[in-house]
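Participant: coords please:
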Amino acid sequence: MLAARAAVLALGLALAAAPAAQAHRAWLKPQTTILSGEQGFVAVDAGISDVPFLADHQPMRLDGLTIVGPDGVERAPQNPATGKLRSTFDAALPKPGTYRVAAVTQGAMASYKLGEETKRWRGSAAELASAIPAGATEVKVTESVRRIETFMTLGAPNATALKPSGKGLEFEFITHPSDLAAGAPAQFRLLLDGKPAAGVDVDFVLGETRYRATGVERTVKSAADGRVKITWPEAGMYWVEAIVRDDQASIPGAQRSASYVATLEVQPN
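Facilitator: Prediction:
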């Protein structure tokens, strides 16, 4: 009996510790993604944590956050606030159609040696030139281009807000984000600077699984034409991520890390 209890306790500790091995994940989580009526509001949380949508680490800053409406017009978030563990804001939906909420950021990271000491720096590309001191050696610079987004539809869906920007890594929605259902197939095209991104791993993680013994995760590799196909194993909010590293940075001599994160709601079938 004692041995059995010890085994159960060890398993519980292992499960509790498992998320710590994962990288911190940034996310936007709307309270709902499909609404009816002529106008509405959606409350959105924004955080960074090991487990998607569990606000237990730190808030996501709301820099660069925009809301594009079904008419293509950009709107600012309402009532933004940042707390200890998460940020929050309201997305106003003044007319029917599909809305894209996106936080797009671009910055630079550098490491270098000054004498025998290794230094690290993070900031904007414009600050980079003055941030690296004279005499620095082994300078390595990475440009980070990140897009984090989610979607919501009031009434009948449309596709105006879903048009790709052609910058960085992003999804082209072959299946509309309001048409996702458990057990049903869905297709997206992964684009890098507006062109199909082939052979890239795209992770799909079901969030809010703190009371499960095991999580629900799928990794799908994009095809030659950038297509990503998935059949949703069950309903819920999914955290989606893809990362591409290449030498196409806008900073001369730097490497680029382009990442895409989306929150997609899959409805019960």
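
Participant: Please make it C-alpha for all contacts and neighbour counts, starting now.
Facilitator: Fine.

Participant: surely residue 155 meets residue 33?
Facilitator: No. Residue 155 is beyond contact range of residue 33, at 10.8 Å (criterion: Cα atoms under 8 Å).

Participant: the more surrounded of these two?
Facilitator: residue 33 (22 against 16; other Cα atoms under 10 Å).

Participant: Would you check that that one makes contact with residue 177?
Facilitator: No. Using Cα under 8 Å, residue 33 makes no contact with residue 177, being 9.1 Å away.

Participant: Mutual contacts of the two, please.
Facilitator: Jointly contacting residue 33 and residue 177 under the rule Cα atoms under 8 Å, 6 or more residues apart in numbering are 151, 265.

Participant: Mind jotting down where the strands sit in the stretch 51-200 of the chain?
Facilitator: Per DSSP state E, counting those that start in this stretch, the stretch 51-200 of the chain carries strands over the ranges 58-59, 65-68, 74-75, 78-82, 87-93, 97-114, 117-123, 137-154, 169-173, 185-192, 195-196.

Participant: residues in contact with the first one?
Facilitator: With contact meaning Cα under 8 Å, 6+ apart, strand 58-59 is reached by 46-49, 82-87.

Participant: before we move on, back to that, please identify which of the strands of the stretch 51-200 of the chain is closest to residue 207.
Facilitator: strand 137-154 (14.0 Å; Cα to Cα).

Participant: distance between the closest one and the chain's centre?
Facilitator: Remark: strand 137-154 is offset 9 Å from the chain centroid, using Cα atoms, centre = their mean, to the nearest Å.

Participant: Buried residues, that strand. List them.
Facilitator: 141-154 (16 or more other Cα atoms under 10 Å).

Participant: Check stretch 208-227 too.
Facilitator: For stretch 208-227, by 16+ other Cα under 10 Å, it's 209, 218-223, 226-227.

Participant: Can you give me the end-to-end span of it?
Facilitator: 27 Å (Cα to Cα, to the nearest Å).

Participant: residues in contact with it?
Facilitator: 15, 51-54, 187-191, 196-206, 228-230, 237.

Participant: Any chance of a ChimeraX selection covering the buried ones in those residues?
Facilitator: In ChimeraX syntax, the buried subset of the contacts of stretch 208-227 is picked out as below (16+ other Cα under 10 Å):
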select :51,52,53,54,187,188,189,190,191,196,197,198,199,200,201,202,203,204,205,206,228,229,237
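
Participant: What's the local residue count around the residue nearest to residue 62 when sequence neighbours are not counted?
Facilitator: Once flanking residues are discounted, residue 62 sits nearest to residue 103: 7.0 Å by Cα to Cα, 6 or more residues apart in numbering. With neighbours defined by other Cα under 10 Å, the count for residue 103 comes to 20.

Participant: I'd guessed residue 66 sits against residue 74; true?
Facilitator: Yes. With contact defined as Cα under 8 Å, residue 66 counts as touching residue 74 (6.4 Å).
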